[in-house]
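> sequence plus the predicted model coming up.
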Amino acid sequence: MEIRVDLERIKRDILTLAKIGRRESDRGIYRMAFTDADIQGKRWLTQQIEQADLIASTDGAMNISGELSGTTDAPRVLVGSHIDTVPCAGALDGTLGVVVGLECLRTLRETGFQPDRTLELIAFSDEEGRFGGMFGSQAVCGQLNPQSLETTTDMNGVLLRDELGRHGHDALSALDAARVPESIAAYIELHIEQGPVLDRTKKAVGVVDEITGLFTWAVTLRGEANHAGTTPMEMRNDAFMGLADFAHEIPRILEENGSDRSRTTIGKAQILPGATNTVPGLVEFSLDVRDTSEAVLEELGTAFRKALSAIARRRNLMFEFAQKSYLRPVACHDAIVQLLMDQASKLELDHLRMPSGAAHDAQIMGSMVPVGMIFVPSKNGQSHSPAEWTAWSDIEAGANLMLQTLVQLSSATN
Ligand SMILES: [Zn+2]
């Protein structure tokens with residue numbers, strides 16, 4: 001008989017963890033990284049790992065691990081996600097991947113399965129970026145430096161160092177969490193899709209082939225503020241009209257320079273001085289550009305810059321931009337994508353090969369080791385809200401796909 005996960009235990013774990021950090025007023029979960037609720041969640045997870053008779057540990061970045069030891073010293077397989085949340089979160093983002101990973105290892109342990117490779121569940125710290133990045137996975141990949149550990153703050157100016165210190169943890173020890181790539185054969189993560197595609201197409205699971213990269217710009221268009229009544233239309237340097245022209249050109253630029261996986265969003269804009277009867281002299285806006293190809297991102301960057309300069313010239317404006325962030329797209333490992341597709345077919349799951357539009361720990365891990373990702377549908381595409389939900393049957397499907405895939409990956413011949 002094929003081994004299967006126990007859905008009731010997954011339900012119980014999800015619902016228990018959902019109570020940690022939940023506010024009754026809005027039913028949202030507030031388990032932001034390194035808050036008391038987050039630490040309580042980490043403690044709960046460690047207990048579950050111990051109760052499952054797995055080897056529990058915490059590394060220098062406060063990542064929580066649970067190990068099912070392999071019979072050989074071949075590089076290990078990591079499975080995981082994160083349990084920290086954004087403010088007012090739902091119950092599944094990150095958490096589901098950790099709970100499913102735990103259930104897979106727990107099931108294998110109970111059936112007496114002996115993997116060649118050590119299987120390790122890992123719950124990464126601060127995936128949601130309270131302190132600006134993906135702290136836990138970046139620590140594992142050796143991407144942190146001592147200086148930033150001393151100076152990094154959250155949006156309210158709280159030092160990472162102080163917040164960790166509050167829990168008796170030395171920030172600099174995060175450097176010790178770095179691993180050598182040769183020690184890890186693969187990292188695999190199950191996550192909710194956080195978009196509408198699987199829900200709309202009625203698929204139980206998605207197999208991710210590429211994780212989107214992105215850049216964000218802060219753009220300024222500077223014209224001249226002037227009287228809305230006395231300044232004739234043709235004598236204005238209206239900064240807002242420059243933004244309007246640019247927004248209008250985005251679909252054309254994506255069509256000519258992007259791919260069907262390109263996304264561009266102006267999510268924030270400020271018109272100044274911001275008076276009804278004044279021609280806007282200044283606009284500041286954000287530009288968020290995503291694609292799964294680095295070459296396409298580069299081409300889009302060039303096209304947006306050209307469009308903005310042309311508009312600025314036409315409307316007599318000054319144009320400036322600053323790149324605020326850049327995250328490289330990461331391709332999932334071909335052999336793992338294929339393995340996931342094969343296992344999904346074997347389990348007779350209705351599945352779809354698709355890109356990930358959101359960033360995940362797998363993206364950071366993918367810079368160092370082969371990665372794979374499983375998506376399960378998000379009801380109405382909703383996420384980062386208490387409305388976030390996935391049907392239990394889809395969760396069970398995704399978890400069994402993870403279980404079978406781990407069995408395959410744990411073989412030293414793979
Ligand atoms: Zn997440």
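Perfect, I can see it now. Predicted model only: the values in this text are computed from it and were never measured. Numbers count the residues shown, from 1 in each chain.

> hey, let's count contacts and neighbours off CA atoms from now on
Fine.

> just checking, next helix/strand downstream of the helix or strand bottoming out on mean pLDDT in the chain?
Least confident element among the helices and strands of the chain, by mean pLDDT, DSSP states H and E: strand 318-327 (a mean of 91). Moving toward the C-terminus from strand 318-327, the next helix or strand (DSSP states H and E) is strand 330-331.

> which other helices and strands contact the helix or strand just after that next one?
For strand 330-331, the following helix or strand on the C-terminal side (DSSP H and E) is helix 334-346. Counting contacts by 3 or more Cα pairs under 8 Å, 6 or more residues apart in numbering; DSSP states H and E, helix 334-346 is packed against strand 205-211, strand 351-356, strand 371-376, helix 392-409.

> run the last query once more with 7 Å
The helices and strands touching helix 334-346, judged by 3 or more Cα pairs under 7 Å, 6 or more residues apart in numbering; DSSP states H and E, are strand 205-211, helix 392-409.

> now the residue of the stretch 201-350 of the chain found nearest the ion, nearest residue through space, not along the chain?
Residue nearest to the ion within the stretch 201-350 of the chain: Ile211 (12.9 Å; Cα to the ion). Using Cα to Cα, 6 or more residues apart in numbering and skipping the chain neighbours, the partner closest in space to Ile211 is Ser356 (4.6 Å).

> circling back to that earlier point, and the helices and strands packed on helix 334-346 as a markdown table, adding distance to Gly281 and mean neighbour count?
Converted to a markdown table, the helices and strands packed on helix 334-346 look like this (distance: least, Cα to Cα, whole Å; neighbours: other Cα atoms under 10 Å):
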| stretch | distance to Gly281 | mean neighbour count |
| --- | --- | --- |
| strand 205-211 | 39 | 26 |
| helix 392-409 | 52 | 22 |
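
> so which of these is nearest Ile83?
Ranking the helices and strands packed on helix 334-346 by proximity to Ile83 (Cα to Cα) places helix 392-409 first, at 16.8 Å.

> what's downstream of the host helix or strand of Leu149, the next helix or strand?
Leu149 belongs to helix 146-151 when assigned by DSSP H and E. Next along the chain after helix 146-151, taking DSSP H and E as the criterion, comes helix 160-165.

> quick check: which helices or strands does that next one pack against?
Going by 3+ Cα pairs under 7 Å, 6+ apart, helix 160-165 lies up against helix 146-151.

> flag every buried residue along the helix it packs on.
Using 16 or more other Cα atoms under 10 Å as the test for burial, helix 146-151 gives Leu149.

> just stretch 125-136 next, same as before
The neighbour-count check on stretch 125-136 (16+ other Cα under 10 Å) flags Ser125, Asp126, Glu127, Glu128, Gly129, Arg130, Phe131, Met134, Phe135, Gly136 as buried.

> in those residues, find the pair that's most separated.
Taking Cα to Cα, no two of the buried residues of stretch 125-136 sit farther apart than Arg130 and Gly136, at 11.7 Å.

> including secondary structure and distance to the ion, could the buried residues of stretch 125-136 go into CSV?
As requested, the buried residues of stretch 125-136 are exported to CSV (DSSP: H, G, I helix; E, B strand; the rest coil; distance: Cα to the ion, whole Å):
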residue, secondary structure, distance to the ion
Ser125, coil, 11
Asp126, coil, 10
Glu127, coil, 7
Glu128, coil, 7
Gly129, coil, 10
Arg130, coil, 13
Phe131, coil, 15
Met134, coil, 10
Phe135, helix, 13
Gly136, helix, 13
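
> reformat these as TSV; add pLDDT.
Listed next are these as TSV, based on pLDDT from 0 to 100:
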residue	pLDDT
Ser125	98
Asp126	97
Glu127	96
Glu128	93
Gly129	90
Arg130	93
Phe131	93
Met134	93
Phe135	96
Gly136	98
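
> Leu243: which of these is nearest?
The nearest member of the buried residues of stretch 125-136 to Leu243, counting by Cα to Cα, is Gly129 at 29.2 Å.

> please name the nearest non-neighbouring residue to the closest one.
Spatial nearest neighbour of Gly129, excluding adjacent residues (Cα to Cα, 6+ apart): Phe135 at 7.2 Å.

> pretty sure that neighbour sits against Cys141.
No - using Cα atoms under 7 Å, Phe135 is not in contact with Cys141, being 10.0 Å away.

> what about the residue of the stretch 151-300 of the chain found nearest the ion, how many neighbours?
Nearest to the ion, among the residues of the stretch 151-300 of the chain, is His191, at 6.7 Å (Cα to the ion). When neighbours are counted by other Cα atoms under 10 Å, His191 registers 26.
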